[in-house]
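Novice: Next input, structure requested:
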Amino acid sequence: QVLLRESGGGFVHTGGSLTLSCTFAGVRPVDGVIAWFRQAPGKEREGVSCMTKSGGDTYDYLESVKGRFTISRERLRNIAYLQMNSLKPEDTAVYYCATTRKNVCSGLSYEYEFWGQGTQVTVSS
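Specialist: Numbers count the residues shown, from 1 in each chain. The predicted structure follows:
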């Protein structure tokens, strides 16, 4: 069983920054991709960013966050991060980290077997 836990969400004003963390552990360490998704009220869950096992490849799925959000990971510590800068009210959502044993990044939520419980990010104008 793989367990993921997000932290670092909160309330910020427009232009502020937050760093989300995702710790993941399991009976056997997950050695696959790690991705961040978000879901705003009344909207579908959407992929934000993904990083491959080695950390050598990253993928950004939202044009609106390019240049503002950065995914990273500390593989030996099984921690992933999402650095979010210049936050806007439209970034308000519950943010989730997800992983899969397939070593293929995807922005589609159904490609991921394991999910955290989510962390709320609220950006006020």
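Novice: Sketch out the low-pLDDT regions of the chain for me.
Specialist: Low-confidence segments of the chain, defined by pLDDT under 70, span residues 27-31.
Novice: the strands in it, which residues?
Specialist: If you assign secondary structure with DSSP state E, the strands in the chain sit at 2-7, 10-13, 18-26, 34-39, 46-51, 58-60, 69-74, 79-84, 93-99, 114-115, 119-124.
Novice: so who does the spatially most central residue of the chain touch?
Specialist: Residue closest to the average C-alpha location in the chain (C-alpha atoms, centre = their mean): Trp36, at 2.1 Å. Residues near Trp36 by C-beta atoms under 8 Å, 6 or more residues apart in numbering: 20, 22, 47-50, 69, 71, 80, 82, 95-98. Where you see a C-beta, it was placed from the backbone N, CA and C, and this is true even at glycine.
Novice: just Ser7 next, same as before
Specialist: Residues near Ser7 by C-beta under 8 Å, 6+ apart: Leu20, Ser21, Cys22, Thr23, Thr119.
Novice: and if we set it to 10 Å?
Specialist: Residues near Ser7 by C-beta atoms under 10 Å, 6 or more residues apart in numbering: Thr19, Leu20, Ser21, Cys22, Thr23, Gly116, Thr119.
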